[in-house]
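J.: here is my input, please return the structure:
(chains A, B, C and D)
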Number of protein chains: 2
Amino acid sequence: MMDRSCPGAIEPILEILDGKWTLLLLFELFNGTKRFGELRRKLHPISPKTLTDRLRLLEEKDIVTRTLYPGVPLHVEYDLTERGQRLGPIFAAMWAWVQENGDCPGKEAGDYTPEVAVSRMKDAMN
Amino acid sequence: MMDRSCPGAIEPILEILDGKWTLLLLFELFNGTKRFGELRRKLHPISPKTLTDRLRLLEEKDIVTRTLYPGVPLHVEYDLTERGQRLGPIFAAMWAWVQENGDCPGKEAGDYTPEVAVSRMKDAMN
DNA sequence: TGCAATAGTTTCACAAAATGAACTATGGAG
DNA sequence: CTCCATAGTTCATTTTGTGAAACTATTGCA
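T.: Purely as a prediction, here's the structure:
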C-alpha cells in the first residue's frame, strides 16, 4: 500500500506490519531463528514470492536479518534484529487481547499456541 | 483479504486490524468520540466509501458503536466499545515503539502527536 | 552427466481493496 | 420549492496484493 502521507506518526509501524502474512511471519520469528523453507512450511500455503517479498521488506526496515550459510546445500537463516525484538510488546499485547477477547463475532478460535513465542515476547517487554 | 485459515490463533485480531486505514481510524477513536465528517477530515484523503466500509466492519466485530442522533441536520457518533477499548495496550505499545524506534530507514517522522489518545490508551492498560 | 536439495526469481493472471464522482435522504430555514 | 448541512450510497474504474507455475543457481555425489 502507498500514500500513507496521511495523519499519524504511527506511520512507520504501519509500513512494517502491513501485508497479509506479516504478523504471522513475525510471530514465527519471535519463536526463534528460522530458515526459508521452514517459514514456508509453517506459513503454508504462502507462496515463495510473497514470503521473499515480506522478508525483503522487513530486512529493509531493519526488522529481520538474513544470514547466508554457504555449503551444499546452501541455507539461509532469518532472525529478528534488536529493533525487531523491540516489537515484542506489541505482539504480546495482541496475544493477550486474543486470549481474553478472542472470539470475534462469527469466528472460531484457532488451535495454535506459540507458547515459546509468547514467553520470548514477555522477555522482550522488559 | 481472505483465506486466513492459516496458522495462528491471532487471526481474530488480524481480521480486525486489517485494511489500509484501520489503524489510523482506531487511533482517532482512542482520541474520543468522533462524527463521520470529523473522521473523514482527520483521515483525509480517505473516501467516504472506504470509511463506511471500515466502520461497518468494526461495528460487526464489536469494536465500535454507531449512534444516530436524529434532528436537523442529523448526526452520527462513533465510539469504541468496551472490547474496542481493550485494544488500548496494543496501540500504546505501537506508540511506544514508534517513539523509541521511530525513524524507519528511509522515512521521516510525522508531526502528529495524539497525546490524549496516548493517555487514554495508558488508562486502558490497567 | 544429471539428479538432489536448498533458496530463491520471473512472469503473468486474477481477485480484492481503494478511489472518485455523482447521487440519495432528511427536514428546517429562507 | 430551493438550499443547506449532515451522512451516507452506488457504480465504474484503477491500483495493489497475492498467487501459481515454471524457471535459475549452486555444488556435491552417484
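J.: which of the residues in stretch A:80-87 are buried?
T.: For stretch A:80-87, the buried set under the neighbour-count rule, 16 or more other CB atoms under 10 Å in any protein chain shown, comprises A:Leu80, A:Arg83, A:Gly84, A:Gln85, A:Arg86, A:Leu87. In this view, the C-beta of every residue, glycine as well, is placed from N, C-alpha and C.
J.: thought the first one was touching A:Lys61?
T.: Which is A:Leu80. No: taking contacts as CB atoms under 8 Å, A:Leu80 lies outside contact range of A:Lys61: 11.7 Å.
J.: list phi and psi for the residue of chain A found nearest DNA strand D.
T.: Residue nearest to DNA strand D within chain A: A:Lys20 (2.7 Å; CB to the nearest atom of the strand). Torsion angles at A:Lys20 (phi, psi; degrees, to the nearest 10) stand at phi -50, psi -40.
J.: touching, it and A:Asp53? I think so.
T.: No: assessed by CB under 8 Å, A:Lys20 is found out of contact with A:Asp53, at 10.3 Å.
J.: please identify which of those two sits among more neighbours.
T.: A:Lys20 (17 against 13; other CB atoms under 10 Å in any protein chain shown).
J.: from B:Glu15, how far off is that one?
T.: 11 Å (CB to CB, to the nearest Å).
J.: for the residue nearest the centre of chain A, give me its contacts.
T.: By CA atoms, centre = their mean, chain A has its centre lying nearest to A:Leu26, at 1.0 Å. By CB atoms under 8 Å, 6 or more residues apart in numbering or on different chains, A:Leu26 lies in contact with A:Leu17, A:Leu58, A:Ile63, A:Leu80, A:Gly84, A:Leu87, A:Phe91.
J.: so it is in which element?
T.: Using DSSP states H and E, A:Leu26 maps to helix A:22-30.
J.: report all helices and strands that the following helix or strand past that helix contacts.
T.: Later in the chain than helix A:22-30, the nearest helix or strand by DSSP H and E is strand A:34-35. Strand A:34-35 makes packing contacts with strand A:75-80 when contacts are defined by 3 or more CB pairs under 8 Å, 6 or more residues apart in numbering or on different chains; DSSP states H and E.
J.: who's in contact with the strand it packs on?
T.: The contact list for strand A:75-80, computed with CB under 8 Å, 6+ apart, reads A:26, A:29-30, A:32-36, A:39, A:55, A:63-69, A:87.
J.: what does chain A put close to DNA strand C?
T.: Neighbours of DNA strand C within chain A, by CB under 7 Å from any atom of the strand: A:1, A:3, A:35-38, A:48-49, A:52, A:56, A:66, A:72-76.
J.: and which of these is nearest chain B?
T.: A:Met1 (5.2 Å; CB to the nearest CB).
J.: element containing A:Val98?
T.: Going by DSSP H and E, A:Val98 is part of helix A:88-101.
J.: quick one, that helix and strand A:75-80 angle?
T.: For helix A:88-101 against strand A:75-80, the angle by axes from the mean of the first three to the mean of the last three CA atoms, to 10 degrees is 80 degrees.
J.: and helix A:88-101, how far out from the chain's middle?
T.: Chain-centre distance of helix A:88-101: 14 Å, with CA atoms, centre = their mean, to the nearest Å.
J.: swap in stretch A:49-68?
T.: Distance of stretch A:49-68 from its chain centroid, counting by CA atoms, centre = their mean, is 10 Å.
J.: what about it, near DNA strand D?
T.: Yes: with CB under 7 Å from any atom of the strand as the criterion, DNA strand D is reached by stretch A:49-68 at A:Lys49, A:Thr50, A:Asp53.
J.: per-residue pLDDT of the last one, please?
T.: pLDDT, the model's per-residue confidence, is 97 for A:Asp53.
J.: tell me which element the nearest residue to it once chain neighbours are set aside is part of?
T.: Using CB to CB, 6 or more residues apart in numbering or on different chains and skipping the chain neighbours, the partner closest in space to A:Asp53 is A:Gly19 (7.8 Å). Assigned by DSSP H and E, A:Gly19 falls within no helix or strand.
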